[in-house]
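K.L.:
This is a predicted model, with the sequence first.
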Amino acid sequence: MFMVSLIVNMSEGGRVGPMSWLLENQLFRSFLIFSIFRAIYGAGIVIITYFLATSDEAPIWVSVVFLLSSMVISRVIFRAIKKRWPRLA
């Protein structure tokens with residue numbers, strides 16, 4: 001049986017295991033943080049869009065414009081987060 005071991009010398013204060021290796025990977029951490037951000041932001045967008053779409057006063061194009069603008073706004077917000085905390089993502 002072939003087994004890959006990710007053992008780090010504990011006397012040097014290193015972490016052990018594939019999960020810690022993944023969390024130290026810059027690409028994976030950026031993907032994880034962006035996914036969490038999109039999940040939270042997306043839930044809010046879905047709720048607001050639902051109320052816009054079911055409103056009798058607002059035409060349907062308002063919901064479409066809101067969704068399109070939210071895609072751009074989310075990228076701007078995420079860039080600001082990355083500038084504010086560069087080591088985070």
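P.N.:
Ah, there it is. Residues are numbered from 1 along each chain as shown.

K.L.:
Quick one: list the elements packing against the lengthiest helix in the chain.
P.N.:
Looking across the chain with DSSP state H, the single longest helix is helix 26-54. Under the contact definition 3 or more Cβ pairs under 8 Å, 6 or more residues apart in numbering; DSSP states H and E, helix 26-54 sits against helix 18-24, helix 60-84. C-beta: built from backbone N, CA, C; applies to glycine.

K.L.:
now it: how far from the chain's centre is it?
P.N.:
Counting by Cα atoms, centre = their mean, to the nearest Å, helix 26-54 is centred 7 Å from the centre of its parent chain.

K.L.:
how big is the angle separating that helix from helix 60-84?
P.N.:
For helix 26-54 against helix 60-84, the angle by axes from the mean of the first three to the mean of the last three Cα atoms, to 10 degrees is 150 degrees.

K.L.:
Format the helices and strands packed on helix 26-54 as a markdown table; extra columns: mean pLDDT, distance to Ser30 and mean neighbour count.
P.N.:
Output for those, formatted as a markdown table (pLDDT from 0 to 100; distance: least, Cβ to Cβ, whole Å; neighbours: other Cβ atoms under 10 Å):
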| stretch | mean pLDDT | distance to Ser30 | mean neighbour count |
| --- | --- | --- | --- |
| helix 18-24 | 77 | 11 | 11 |
| helix 60-84 | 91 | 8 | 12 |
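
K.L.:
if we compare those helices, which one ends up closest to Leu32?
P.N.:
Proximity to Leu32 (Cβ to Cβ) singles out helix 18-24 among the helices and strands packed on helix 26-54, at 8.0 Å.

K.L.:
gap between that closest one and the chain center?
P.N.:
For helix 18-24, the distance to the chain centre is 17 Å (Cα atoms, centre = their mean).

K.L.:
I am finished for the moment; much appreciated.
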